[in-house]
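Fold the following, please.
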Amino acid sequence: MSKNLVIVESPAKAKTIQKYLGSDFEVKSSFGHIRDLPKKGMGIDLATFSPDYEVSADKKKLVTELKASVKKADVVWLASDEDREGEAIAWHLAEELKLKPENRKRIVFHEITKNAILKAIENPRDIDQNLVNAQQARRVLDRIVGFEMSPVLWKKVKPGLSAGRVQSVAVRLVVEREKEIREFKPKASFKLEGIFLNKSKQEIAAKLKKDFAKEDEAESFLNLAKTVDFKVLNVETKPGTRSASAPFTTSTLQQEASSRLGYNVTNTMRLAQRLYEEGHITYMRTDSVNLSQEAIEGAKNQIVSEYGAEYSAPRKYTTKSASAQEAHEAIRPTDFSLKSVSDAQLNKLYQLIYRRTLASQMANAKIEKTVIEIGNTKLPQHFEAQGEVIIFDGFLRAYGIVKTDEEDDETNEKLLPKVSVGEDLDYKKIIATEKFTRPSARYTEAGLVKKLEELGIGRPSTYAPTIQTIQNREYVDKREIEPQTREVVKISLEKDQLKKEILEDKFGGDKNKFVPTDIGEVVNDFLTDNFSEILDFGFTARVEESFDEIANGGQKWKTMMTDFYSKFHPRIEDVEENADRANGERLLGVDPKTGKNVYARIGRFGPMIQIGEQDDEEKPVFASLMSHQNIATIPFEEALELFKLPFELNEVDGLGVSVGVGRFGPYVKWGESYVSIPKGENPLAVDQKRAEEIIAEKKLADAPIASYKGEPITKGSGRFGPFIKYKSIFINVPKRYDFENLSQNDINELVEAKLEKEANRYIQQWEDEKISIENARWGPILKHGKNIYKIPRKKDETKYEADDLKDVSLDEVKKWITAQDPKAFAEKKKPAAKKTAAAKKPAAKKTTTTAKKAPAKKPAAKK
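Now for the predicted structure:
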């Protein structure tokens, strides 16, 4: 029997730590928080701000097991993560398991290595109540903001919406950037680039130092350039250096993993968590760039061994952020001799962390930069060629520099041939191209994290959940933006001849960048109009600073809550009472057929176009917007086109065919089947021939690819990836299979594995009654239709095991269900027969003595 019980928050972490501790220690996992605020209701006493924590149903069995283990142990070691969330997990465990101070010890470590664990055991402390209170303050404040602001949105905008302190600010950033892009007015200018040849016919690419505002100015310059001889006017060579970046913090890791590996924020943190729990890297939620002396020495030894002593330049980094706390070291490898890990996906992120940390301790790269000025005294402007040579690669040997698209466009750095001042050059060609200024780029996930960090909003532990939440709420998405086209002028000078061309330039397209949805924009505008302080960047940052003060013991958390709520709640009441409803309504024009106003707005089922007024005798008509359209930007003519959908086409194989737009985008309906129209294709352009092609593609996709015991097998790709279908069973196809070339053996293997899994799923099943007792993750469950019921305890108050449930009768099971839902087996009343139209009585005219004044109709827009 182990005298020491260690509790951590994840099974993977428990498994790694167990390897380092002897038989005197038993390591168990709490699977995160064992208790939290209730899922239903606010769970906070607003008079005292005392939270009402509860153990969730899925953790009750686990808590019982932990309590049993606690009774057997002399000492309980609480070893959850070292940040505020980890401290709160330890506190909740101590409270719920009723651990006495003399029998509990709190240990922290920022890496899961044998030395770190043993050192932590030697240096225990008690729970830091200041850190716990900082976490409680965040949890309680965010719950209050969400619970009080969200109902206002339900009433004033649309049911089912939610608001949050940090998520709403993140959405505001995305919305404001999109509005900035819409309002941006591009300015044209002409940029000149030339290719020049020296006596050895080596090419030198150069750019004119000044752009021209007008086409005729560029053309005049080219005409003048025809008449002059080009010379090297100046050659300047300067030494320079490039320095490595600091080791990773949470946000810089997320940014670099995005730019170099294409990982989203959630995926990066999931992989980093695994690397940490398996003992490969230090704690991954940190805003510190500091490295321990041990790590600096480890990096130095590896650098000297692998690259040589001249590459080593040990240095310490200091964190600029005043709020940096909790995790006192940057993200780094725990063992510099380990160059890679076995898992391919983990290894990509590990390599990034490993190389970045090594580079931070390496010498600067030495470069030689050369600038050549080319021109003639008769020309008003001269050309400039820039190039550089790496004299000593330094840190670049381990960690090269990745340039952004913008940097690649703007720089002209390359190797240049040797030239001397006064040397004659010939021009090969000079090109003047019309270019337009560009608006600020839309945010990527990592870019948004960077902006939040710059504004002091959120902390390392909140970035990824915030990014995920605003997408889950459908306030922003990463849909593809189709590029627009415009004409640009290109003038070329070659062999003393000018040639002018009109080219097509694509602009404004985007992929994998945040774009606000219509509902996201409407919610943001409503919140910024009515809760300007809550959505103020400075206010949100000050709240974070208050949490930091609480963590440092400089402020009482309930005092902070009292101050916040005394200002916040009256504003809620005022907005609920006095604010106008918001639906983003925009008057587009007047329908030429009916003479009624045409509006773009948010409706019950999302963004739509409306013809007519809500209070007209004749009800208004509606049309849904397509996924690429927006109520803030859709033109009047395009809005009217939507009312042509749906439209009918000729039958195919005896089944009706129509084209329309639904919740999941444009479709061709064939009989009862809905076939999605390919992305980017205009449904209004789908004619009979194209509809038949789309249907034929669907037939081909749905055709059986094999059979199993005489039953056809089909395949497809759905929300959770590729699958095959056998009878009514969908079977996911793992990546280890070649989905495009599944063999009969593959099919048999997949189907049989699924059938075996399904067979083990049921302890007992009564198909006719739609009742089953099934094995589930946390033990057996009872199902009736789609409803899940608890399995009661036995008469001796012990729980039923799976084997016990094999012998329970159907009558007994029905009693269990009825005890929890008396109406579960009640016969449903048949709906009354509908009255025929002839049986309807004419509606009586209403007569009232007093009536509310009807709202005035909106004036029709001028045609």
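
May I see the buried residues of stretch 205-224?
Ala205, Ala206, Lys207, Leu208, Asp211, Phe212, Glu215, Ala218, Glu219, Phe221, Leu222 (16 or more other Cβ atoms under 10 Å). In short, each C-beta sits where N, CA and C put it, glycine included.

my bad, stretch 240-258
The neighbour-count check on stretch 240-258 (16+ other Cβ under 10 Å) flags 244, 246-258 as buried.

just stretch 284-293 next, same as before
The neighbour-count check on stretch 284-293 (16+ other Cβ under 10 Å) flags Met284, Arg285, Thr286, Asp287, Ser288, Val289, Asn290, Leu291 as buried.

which residues does Ile391 contact?
Listed by Cβ atoms under 8 Å, 6 or more residues apart in numbering, the contact partners of Ile391 are Pro239, Lys366, Ile367, Glu368.

Tell me the confidence at Gln325?
Predicted confidence (pLDDT) for Gln325: 48.

Number the residues from 882 up from this point.
OK, 882 is where the count begins now, so the last one is Gln1206.

for the chain, which spans come out with low pLDDT?
882-883, 1201-1208, 1282-1295, 1600, 1658-1659, 1708-1744 (pLDDT under 70).

Try it again at 50.
Applying pLDDT under 50 to the chain picks out residues 882, 1206-1208, 1286-1293, 1711-1744.

How far does the longest helix along the chain sit from its chain's centre?
Counting by DSSP state H, the longest helix found in the chain is helix 1010-1037. Relative to its chain's centre, helix 1010-1037 lies at 22 Å (Cα atoms, centre = their mean, to the nearest Å).

Next: stretch 1156-1165.
In terms of Cα atoms, centre = their mean, the centre of stretch 1156-1165 is found 23 Å from the chain centre.

just to revisit the earlier point, want to throw the buried residues of stretch 1121-1139 into CSV with distance to Thr1366 and secondary structure?
Converted to CSV, these look like this (distance: Cβ to Cβ, whole Å; DSSP: H, G, I helix; E, B strand; the rest coil):
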residue, distance to Thr1366, secondary structure
Ala1125, 42, coil
Ala1127, 43, coil
Pro1128, 45, coil
Phe1129, 41, strand
Thr1130, 41, coil
Thr1131, 41, helix
Ser1132, 37, helix
Thr1133, 37, helix
Leu1134, 38, helix
Gln1135, 34, helix
Gln1136, 32, helix
Glu1137, 34, helix
Ala1138, 34, helix
Ser1139, 29, helix
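
Throw those into CSV and include distance to Ala997, thanks.
Below are the buried residues of stretch 1121-1139 laid out as CSV (distance: Cβ to Cβ, whole Å):
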residue, distance to Ala997
Ala1125, 26
Ala1127, 22
Pro1128, 17
Phe1129, 19
Thr1130, 20
Thr1131, 19
Ser1132, 24
Thr1133, 23
Leu1134, 20
Gln1135, 24
Gln1136, 27
Glu1137, 25
Ala1138, 24
Ser1139, 29
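
Return the member of these nearest to Glu1368.
Ser1139 (34.5 Å; Cβ to Cβ).

show me what contacts the closest one?
By Cβ under 8 Å, 6+ apart, the contact set of Ser1139 is Asn1145, Val1146, Thr1149, Thr1325, Glu1326, Ala1327.

Confirm for me that Ser950 is in contact with Val887.
No: the criterion here is Cβ atoms under 8 Å, and Ser950 misses it with Val887 at 10.2 Å.

which of those two has more neighbours?
Between Ser950 and Val887, Val887 has the larger neighbour count (other Cβ atoms under 10 Å), namely 24 against 15.

tell me the helices in the stretch 932-1081 of the chain, going along the chain?
Remark: helices assigned in the stretch 932-1081 of the chain by DSSP state H, counting those that start in this stretch are 941-953, 965-977, 995-1003, 1010-1037, 1046-1064.

And for the stretch 1582-1731 of the chain?
For the stretch 1582-1731 of the chain, the helices defined by DSSP H, counting those that start in this stretch cover 1625-1642, 1683-1686, 1691-1701.

which residues are in contact with the longest one?
What that stands for is helix 1625-1642. Helix 1625-1642 is contacted from outside by 1586-1587, 1589, 1594, 1605, 1607, 1610, 1612, 1614, 1618-1619, 1623, 1655-1656, using Cβ under 8 Å, 6+ apart.

Then stretch 981-988?
Contacts to stretch 981-988, defined as Cβ under 8 Å, 6+ apart, come from residues 955-960, 971, 975, 1001-1002, 1004-1009.

Over to stretch 1347-1360?
1042-1043, 1045, 1047-1048, 1051-1052, 1055, 1145-1147, 1326, 1329-1330, 1333, 1339, 1392-1398, 1400-1401, 1404-1405, 1508-1509.

go on, stretch 1540-1548?
1486-1487, 1504-1505, 1507-1508, 1523, 1526-1528, 1530, 1549-1550, 1555-1558, 1560, 1562, 1564-1565, 1567, 1572.
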